[in-house]
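Peer 1: One predicted model, sequence on top.
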Amino acid sequence: MSPDHEVIISGAGPAGVAAAVALAVREPSLAGRILVLDKARFPREKPCGGGLTGHARAALDALGLAVRVPHVPCAEGRIVYRGSSRDVRLGRPVDIVRRREFDADLVAQARARGLSIVEGEGLAAFSVDAGARMVRVETTAGRRLAARVLVGADGAGSRVRRALAGERRPPLRLFQAEVPMPRAARGALRVGEGGLCPPEPVAGGAGPCEGPGRMTYDFSPMDDGLRGYVWLFPVAGDRVNVGAMHYPSRALSGAAIERLLRASLARHGVALPDGARGWPAWRYEARAPIAGPHVLCVGDAAGIDALTGEGIAVGLEHGPLAAAAVCAALGSGDFRFAGYARAVRRAVVGRELALDGRLAAMLYAPRAFRVWLSLILCDRRMQELYAARVSGSEVLADRKGALLAALARHMLAAPRRMCETAA
């Protein structure tokens, strides 16, 4: 018996689209044998900071995908802790998009390539039929399908991930909302007029944008129990994408995180009238199972960045890795995917995620966070390295010598710097 499809992808967000497009690029004959399912209908709301870093842009370029939606290019980031702040220039702007618009347009671009994407129908259940060498899928619409491979791109609540790994350690907690930009906040979130946006959309390239802008990362709420940061990112139409990320080194309720977010925004002159939407997100863990016979995970289902909470670039970079593994399996007939997790670990995205996991454990430690915050605020070389990483020109995981040098300088100056940070 032949399966209905060679590949079924559960989820049509950036990771699912990236996997589908990468498969079609590697093996054009597969395009008509790939089915992408998503329980939502696009455009759909997706809580997220919406930042397209240099790595995200490079991944889009490699797949031939364009940013055709309104966006604000931010060529500067501001790091805030209590009364201290540092502005850091980026070699390449981070483009802030609305996920509702961005994800829907990626789906449109994938469809234009002949890929089949079904909305309003998600993955309800699946089972691996080892004898038939395929995976059997039941959808939320009651359809029963079969494929050689199932790709789990269905986010933090991924059924595929749960089947492979069960429940992992406590997740990151994120809260996000979009609010009008108060006049008082425009000076902090806008940095001048023009200069970064083309007057008209570029064919096959950037869409309409506003700019330039400045991203703000406020670590002040860590004094009150948050183990993470509050963000304020300008979005098109004079509005602000705001949110908070909390690392689970300290137990904190959703209501407490939202209270800290609201109080922090108030210090920036921004109100949160209708509350924020919260969701869990799983940290990438290098040794966690992300593949099994006939199935593998990408994007949020495989784990996001524990330090920053970034997921868009991670999903876009996972897509081609999954495509390479799937094409190899279809060619060899070996669907165990025994080497997929190792391929992710060795790739740039895996190395960067592993490094950020270690940095997150240090920065968001229950008691010693001020030591590492002072490094972020006071060491210009560390700021430059991370800015280059965000811009996409640096792989921080390959600069361990520079990182160790920054740490050594920091420890020598720690008593003075901690006094400055606490001032």
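Peer 2: Sure thing, it's come through. Residues are numbered from 1 along each chain as shown.
Peer 1: can you tell me how far the most centrally placed residue in the chain sits from residue 91?
Peer 2: Closest to where the C-alpha atoms of the chain average out (C-alpha atoms, centre = their mean) is residue 311, at 1.1 Å. Distance from residue 311 to residue 91, counting by C-beta to C-beta, to the nearest Å: 22 Å. All C-beta spots, glycine's among them, are computed from the backbone N, C-alpha and C.
Peer 1: Just give the closest residue to residue 369, not the sequence neighbours.
Peer 2: Excluding the flanking residues, the one nearest residue 369 by C-beta to C-beta, 6 or more residues apart in numbering is residue 222, at 5.5 Å.
Peer 1: quick one, what contacts the one you found?
Peer 2: Taking C-beta atoms under 8 Å, 6 or more residues apart in numbering, we find residue 222 in contact with 81, 228, 229, 369, 373.
Peer 1: who wins for neighbours among these?
Peer 2: Counting neighbours by other C-beta atoms under 10 Å, the top entry in those is residue 228, with 29 neighbours.
Peer 1: Give the bridge partners for it, please.
Peer 2: Counting by DSSP bridges, residue 228 is bridged to residue 246.
Peer 1: Quick one: low-confidence residue ranges for the stretch 301-423 of the chain.
Peer 2: Along the stretch 301-423 of the chain, the parts satisfying pLDDT under 70 run over 410-423.
Peer 1: Alpha carbons of stretch 235-255, in PDB - could you do that?
Peer 2: C-alpha atoms of stretch 235-255 as PDB (Å, rounded to 0.1, in the frame of the first residue of the first chain):
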ATOM      1  CA  VAL A 235       5.700  48.100  15.100                       C
ATOM      2  CA  ALA A 236       4.100  49.700  12.000                       C
ATOM      3  CA  GLY A 237       1.400  52.200  12.600                       C
ATOM      4  CA  ASP A 238       2.900  53.900  15.700                       C
ATOM      5  CA  ARG A 239       2.200  50.900  17.900                       C
ATOM      6  CA  VAL A 240       4.400  48.900  20.300                       C
ATOM      7  CA  ASN A 241       4.900  45.200  20.700                       C
ATOM      8  CA  VAL A 242       5.400  44.600  24.400                       C
ATOM      9  CA  GLY A 243       6.000  41.500  26.400                       C
ATOM     10  CA  ALA A 244       7.900  39.600  29.100                       C
ATOM     11  CA  MET A 245      10.000  36.400  29.100                       C
ATOM     12  CA  HIS A 246      10.400  34.400  32.300                       C
ATOM     13  CA  TYR A 247      13.000  31.600  32.800                       C
ATOM     14  CA  PRO A 248      11.800  28.900  35.200                       C
ATOM     15  CA  SER A 249      14.700  29.200  37.700                       C
ATOM     16  CA  ARG A 250      12.200  30.800  40.000                       C
ATOM     17  CA  ALA A 251       8.500  29.800  40.300                       C
ATOM     18  CA  LEU A 252       6.300  32.800  39.300                       C
ATOM     19  CA  SER A 253       2.600  32.700  38.500                       C
ATOM     20  CA  GLY A 254       1.200  34.100  35.300                       C
ATOM     21  CA  ALA A 255      -0.600  36.800  37.200                       C
END
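Peer 1: List the buried residues in it.
Peer 2: For stretch 235-255, the neighbour count (16 or more other C-beta atoms under 10 Å) marks 235-236, 240-250, 252 as buried.
Peer 1: How far off centre is that stretch?
Peer 2: Offset of stretch 235-255 from its chain centre (C-alpha atoms, centre = their mean, to the nearest Å): 14 Å.
Peer 1: now swap in stretch 153-172 and tell me
Peer 2: 16 Å.
Peer 1: Could I get the buried residue list for it?
Peer 2: Burial within stretch 153-172, assessed by neighbour count using 16+ other C-beta under 10 Å, is assigned to 153-156, 158-161, 163-165, 171-172.
Peer 1: My reading is that residue 280 lies in a strand. Confirm?
Peer 2: Yes - counting by DSSP: H, G, I helix; E, B strand; the rest coil, residue 280 is located in a strand.
Peer 1: List the residues that contact it.
Peer 2: Per C-beta under 8 Å, 6+ apart, neighbours of residue 280: 156, 171, 172, 173, 174.
Peer 1: hmm, which two among those are most spread apart?
Peer 2: Greatest spatial distance in the contacts of residue 280: 156 and 173, 10.7 Å, computed using C-beta to C-beta.
Peer 1: domain parsing for the protein?
Peer 2: According to automatic domain parsing, the chain comprises the domains 1-50+98-168+282-366, 73-95+170-281, 367-422.
Peer 1: right, and those - which one's nearest residue 60?
Peer 2: Residue 60 lies closest, by C-beta to C-beta, to one member of those: domain 1-50+98-168+282-366, at 6.4 Å.
Peer 1: For the contacts of residue 222, work out which two are farthest apart.
Peer 2: 81 and 228 (12.7 Å).
Peer 1: who's in contact with residue 215?
Peer 2: For residue 215, the contacting residues are 51, 74, 76, 77, 78, 94, 96, 231, 232, 233, 234, by C-beta under 8 Å, 6+ apart.
Peer 1: and those, which of them are in helices?
Peer 2: Among those, DSSP state H puts none in helices.
Peer 1: out of those residues, who's nearest residue 323?
Peer 2: Residue 323 has its nearest neighbour among these in residue 51, at 24.3 Å by C-beta to C-beta.
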